[in-house]
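S.K.: got a predicted structure here, sequence first:
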Amino acid sequence: PAGSPNRYTGIGTIPLGLSARGWNHVGDPDASYDGHYVEPYQRDDGNTKMFRVQAPDGRWSEYVHTLSPGEARNNSWSAITPDGQWMLSGEWGTMNRLLVFPTPGVNPATSPSANLPQAATVHLDHAVRDVQGCDFLDATTLLCSSDDPEGALFGITKPLLRIDLSAAPDGTADVTGRVTALRQLPLRSACSGSFEAEGVDYDRRTGTLRVIVVSPGFCVLTDSKTYRFTRS
């Protein structure tokens, strides 16, 4: 919504009550046009992941998803479709798919007292690795940051990815996604070592894409950056 702030998540933003219950990682969040804010959580044990939702009136609620057979525990990001009704999420590692859920707190089929079901799958035409965040550019286009440290998949490490979907996700059927590596994310620091690509946000009002890159070593505290990209 207009006037809404940018939000940053990390280990220091996890409420103590959630941490005490085992939720020890919060990923890249997203928000719907009507102001529902969604944070993805994971834990090291069990068979669930969780999405924590803040409604426009400020109230928080928790939506727990029981893992499907073969689904990884990792819950690195959430990306809400422009119509607000559906949400994509992904798994860490090398994957050929993204997961589709009804948007918790927005889609009327969801309830904090019921399991949040996986509704469909996005089947990718090219494997992706260690995706840290995605956001919708429009109803059928995603922009994603990959923390891929190897570079074998696209010939570059830490790529910014574009995923073109065969149709807008609506939870009724699977869709396919065509993956393109646009460029390597900027890796600039006074320190040398391993960078970490983090979350993304696309501001549809201004056409600005923001991507976080964390610097190596001690420079994580001094020159980690949020890069802003615009189309010329």
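M.R.: Yes, it's here.

S.K.: is it correct that residue 46 is in contact with residue 22?
M.R.: Yes. Between residue 46 and residue 22 there is a contact at 7.3 Å, judged by C-beta atoms under 8 Å. Glycine gets a C-beta too; all of them are placed from N, C-alpha and C.

S.K.: any idea what the residue nearest the centre of the chain is bridged to?
M.R.: For the chain, the residue nearest the mean C-alpha position is residue 77 (2.3 Å; C-alpha atoms, centre = their mean). Residues in a beta bridge with residue 77, per DSSP bridges, are residue 28.

S.K.: quick one: residue 173 and residue 62, what's the gap?
M.R.: 28 Å (C-beta to C-beta, to the nearest Å).

S.K.: who's in contact with the residue nearest to the centre of the chain?
M.R.: For residue 77, the contacting residues are 27, 28, 30, 40, 89, 90, 131, 132, 133, 134, 199, by C-beta atoms under 8 Å, 6 or more residues apart in numbering.

S.K.: residue contacts, residue 141?
M.R.: With contact set as C-beta under 8 Å, 6+ apart, residue 141 has these partners: 162, 163, 164, 165.

S.K.: meant to ask about residue 125
M.R.: Per C-beta under 8 Å, 6+ apart, neighbours of residue 125: 176, 177, 178, 179.

S.K.: next: residue 65.
M.R.: By C-beta under 8 Å, 6+ apart, the contact set of residue 65 is 48, 49, 50, 51, 101, 115, 116, 117, 118.

S.K.: where does the second one land on pLDDT?
M.R.: Put plainly, it is residue 49. What the model reports as pLDDT for residue 49 is 98.

S.K.: next, the contact list for it, please.
M.R.: 40, 41, 42, 43, 64, 65, 67, 73, 74, 75.

S.K.: redo that, cut-off 6 Å
M.R.: 42, 65, 75 (C-beta atoms under 6 Å, 6 or more residues apart in numbering).

S.K.: run through the bridge partners of it.
M.R.: residue 65.

S.K.: could we number from 739 for the rest of this?
M.R.: Okay, residue one is now 739; in that scheme the one you just asked about reads as residue 787.
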